[in-house]
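Colleague: Sequence plus the predicted model coming up.
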Amino acid sequence: MVINLFKYFFSIQLLITNGIFFIPASTLAETAIMQQNISFSDPDYVEIMPEQWLKQAIHYKKLPDNTDLAISLDQQLYPALVPLIKDYARKNHLRIAVSEGTCGISAGALLDKSVDIGGFCCPAGETDRLPGLKYHTLGIAAIALIVHPDNTISNISLTQARMIFSGQTGKWQETEQLTSEASKKEFNKTPSAIQPIARLHCKTRPGHWRLILDNEDEFTPTMDEVATIPDMISHVAHDTQAIGYETLWMTRLYEQQIGKVGLLKVNGYSPEDQQAVLTGQYPFYRTYNISSWTHPDLKKETATALVTYIQDNFQTIDQKYAFISANQLKKYGWKFADDELIGEPQTSK
Amino acid sequence: MSQNSYNPALYIKKRYWHKFSITKKLFLLTVITGVVLWYPIDYLQNKQLQSIFFNETKKELVRISEVDRRLFDQKIQIHHNATKLITSQNRFQHYLGNLSTTEQPSEIKRSYAGRPAHWLPRTSIMRSFFSARFALLLSAQGNIVEIYHHNTSHNGSESESDILKALTKSGYLLRKLSHSQSYLTKLNNFPFVFSTESIKVNGNKWYLMLVSPIDEQFLSEVTKLQARRTILALLEPDSNKIIVSSDEQKIPSGESFSSFSSHYVQTGKSFFDYGASDLDLQLISAVSLNDANYMTNLIMEKGRQQRLLLAVVLIILFIIVGFWYSSGLQHLSHQIAHIAQRLISKTHNKNLLKNSINGDELIALNLQFTSLADELEQKSNLQNISEQELIRAKNEAEAANYAKSKFLSSMSHELRTPLNAIIGFAQLFEYDPKLSHRQKENAQEINKAGKHLLSLVNDILNLAKIEAGQTDLVIEPLAINTMFSECYTLIEPLAMQRNIKFVVDECDTIVLADAIRLKQVILNLLTNAVKYNQENGEVRLYCDTANKNYCRIYVSDTGSGIKFELQKFLFEPFQRLGKELSNIEGSGIGLSIAKQLIEIMNGKIGVDCIDGTGCTFWLEIPLAGTLPIKEAKAELNNES
């Protein structure tokens, strides 16, 4: 016990000091405990940038001269926020250019100082914390563990989930929650080696898939790695033994085009149970942030006002996105540094 | 036939093709359907299918393009994994252990693919996973210590100077952003991929950075992994401008992809999702429309071949079935034609029918039936005319006969009255004593001739009555034995006059006949048998009751018989068969009367003669079959 505690503190210390992720030689169950509080990077960290960059002003690329604001949003935030932004632009008679991309494109645009606001579906990583840039958490949304629709497993524990993705649990029969004796019998007829599917994107950013296993090296070598969301849904929808993950609304969106998948409960909590996500009892979620410049040379009042407008109206966004707003998170004890979510509630998991 | 009736000759003349049999027509029709109609239908169907297959092929190509993107992602992933693999190699770590890192080297050491760096794995290992264009060995401070160039043809370079510039400007951040992942970013507006891994050796930190421009070579290395060649390209999402493509000759950079849309299908479009990327670019996969057309045509050609084969099989089946049915029809047509030919009298139609056998069977049948109908109509008309003529002739004949009978009857009556007077007075003369012997003989002659004449007149009167239908019959059961006995009494004296033996056999049977008329007939036959017999001859009366329906009565004589050729005139009136000149008296109508009397009593009469040995006349009279013999006898007794 003492040795374990030592390992725990030692690893946390390494994370804080070096900004890299160390994998102690501990059991997976222990790893699960250690996952706590590494879902976010240090909000006080500021990336060191060259002098030339610091002097550089905001410069829009390939946009009309009369553009008032330029925004880059990742593909998950884009469809949800565009109506709000349009609404704001109409009310304030602004010409706002919004482009759809990925977290990487938003980060690249901020690094290039070609946009006023960047939108992310991950918590900010260290390299995203540029001088004069501030992050505002809009909310979170559950990441569902998805399986083939014929899979009779409906619930697994967090530990089991991590053991599956690490390769320590190789068969569905080793999980506990086969729904009935009949289904267990049916399920046992077929070879049931679990096939984990992962999409290991945005490796420098904490949270999202790293809530399952923190490092790509912790995933089993037999895992199938996919690059896109449609690939994830496609693999799971067509492989009876597969398990993967994706946000609820993206899952629903691509299910219509590709094929049905099933949702797993974790520790008895469904990803559709927003209360369980709010209280931290459901462990996997995405964090949605937008950024604004705070440096006087870069800051635009209209951008700041737009960020506030989005924050204030985030709860009005269509329920299909299954967002839980920052305001709700604050009520349930999630930790914030200013506008940015930096920690889960104490009672979670 | 009416004026509007069907004229087969004209019909055939009008339609030349009716000369062909149904089999030939079926064959022609099949060929026309198969060739003339099938071609445009097939063309239209082909066009429709081509459109469907082309769209399906495009969909399939979109699926293939998904593989392009995955292979691209895989190449990016391998780029990153190579850094981990190389840094974990003892060879790498051993090389770094021998390097001094205290100072920045005065000159960057360069190696090329033909001259491998010693810190990299053996070439045999590199061939299997190393795909980066450059490998940079960096010190802890980010200074470039060595550069490896993974391209023998590369001479040093634009890309290399770009990298060096980039590392000088933001080397630290680039190392960090690409650390433990592949990071896609632009250097001088051109896309690159960076992957960095750090390692500590003997307390000194080193960085291995693999760098590749995402250029034509990079993209073509991805497309080469697929059997079907597609063109990968990077586009600016807003303008569709091509940044780079895997085949710059076909899709050159700087152009808008829209200008190639008529030749290429854009089958995929995605962000760079793997690892990390700040490239606001999209990866697309383009497939030549020629490829899609080629695949479509391949399917279409096979489909067309199958349809053609099916058409040929169907045509053959159609012809076989057609032949089978038409041969049956032809057989029927021939049979009817032959029947029609036999029945039809008109030569013209016969020839027409003969000719029609070789033409359309249905037309031939039509002709045959029409001709037969014409013929029947004509024959029916003729028959009507004949029937009317016959009826008229019959009426005339009956009227004439009636007139004749009436005449004969009247004449007989008128003749008999004076004849009776003559006979009466002649008999009175015979007994008149005043007359001389000669006068008495003359009177006897008158009496004799008068009786003969009276007899003749009576016969004629009888015949006339019979023919006029005025003979009243009383058909009743008659005992033949009684009849024979009475006949014997009457004929016996006559026979004795001529020394003829008259034999009557027993005949115990009952017949149905008129007693007077039957007796008249039998007596006529017996009289003739005596008259025409020879001296000392024999006459025999007997019967045969073997048949259950009638009784046959025979009268046989031993006269000279009747020649066979004369027998057919025996029962015609006034026929004496050459005895007219003999001294035997007779009118020649006795047998004629006998025949008619027997026939009106439902009997028959006939003769069997053997020339020179006499004749046997026979009568067949119906038996009183409904009455048993005893009852018939009893009835006869009661009547008597």
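Modeller: Good, I have the coordinates.

Colleague: can you pull the pLDDT of the residue of the stretch 251-400 of chain B found nearest chain A?
Modeller: Minimum separation of the stretch 251-400 of chain B from chain A (CB to the nearest CB) falls at B:Asp278, amounting to 1.8 Å. All C-beta spots, glycine's among them, are computed from the backbone N, C-alpha and C. Looking at B:Asp278, its pLDDT reads 83.

Colleague: do the same with B:Gly450
Modeller: Confidence for B:Gly450, expressed as pLDDT, is 83.

Colleague: Now do the same contact list for it.
Modeller: Residues counted as contacts of B:Gly450 (CB atoms under 8 Å, 6 or more residues apart in numbering or on different chains) are B:Leu419, B:Ile422, B:Ile423, B:Ala426.

Colleague: Who are the contact partners of the third one?
Modeller: Right, B:Ile423. Shown in contact with B:Ile423 (CB under 8 Å, 6+ apart): B:Ile446, B:Asn447, B:Gly450, B:Lys451, B:Leu454.

Colleague: Assumed it was part of a helix.
Modeller: Yes: checked against DSSP: H, G, I helix; E, B strand; the rest coil, B:Ile423 lies within a helix.

Colleague: roughly how far is the helix or strand hosting B:Leu390 from the heart of the chain?
Modeller: Using DSSP states H and E, B:Leu390 maps to helix B:361-430. For helix B:361-430, the separation from the chain centroid amounts to 56 Å (computed by CA atoms, centre = their mean, to the nearest Å).

Colleague: Check the burial of B:Asn421 by counting its neighbours.
Modeller: Not quite, residue B:421 is Ala, not Asn. 11 (other CB atoms under 10 Å in any protein chain shown).

Colleague: Residue ranges in the stretch 251-400 of chain B under the pLDDT threshold?
Modeller: By pLDDT under 70, the weakly predicted segments of the stretch 251-400 of chain B are B:268-275, B:344-358.

Colleague: could you pull out the strands for it?
Modeller: Counting by DSSP state E, counting those that start in this stretch, one finds strands in the stretch 251-400 of chain B at the ranges B:264-270, B:276-277, B:282-288.

Colleague: Please tabulate those strands in a markdown table and include mean neighbour count as additional columns.
Modeller: What follows is the strands of the stretch 251-400 of chain B, written out as a markdown table (neighbours: other CB atoms under 10 Å in any protein chain shown):
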| stretch | mean neighbour count |
| --- | --- |
| strand B:264-270 | 19 |
| strand B:276-277 | 28 |
| strand B:282-288 | 24 |
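
Colleague: Those strands into TSV, with extra columns for distance to B:Glu396?
Modeller: Shown next, in TSV, are the strands of the stretch 251-400 of chain B (distance: least, CB to CB, whole Å):
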stretch	distance to B:Glu396
strand B:264-270	107
strand B:276-277	130
strand B:282-288	109
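
Colleague: right, and those - which one's nearest B:Met601?
Modeller: strand B:264-270 (115.7 Å; CB to CB).

Colleague: buried set for stretch B:425-438?
Modeller: Buried residues in stretch B:425-438, counting neighbours by 16 or more other CB atoms under 10 Å in any protein chain shown, are found at B:Ala426, B:Gln427, B:Phe429, B:Glu430.

Colleague: now do stretch B:304-313
Modeller: For stretch B:304-313, by 16+ other CB under 10 Å, it's B:Arg307.
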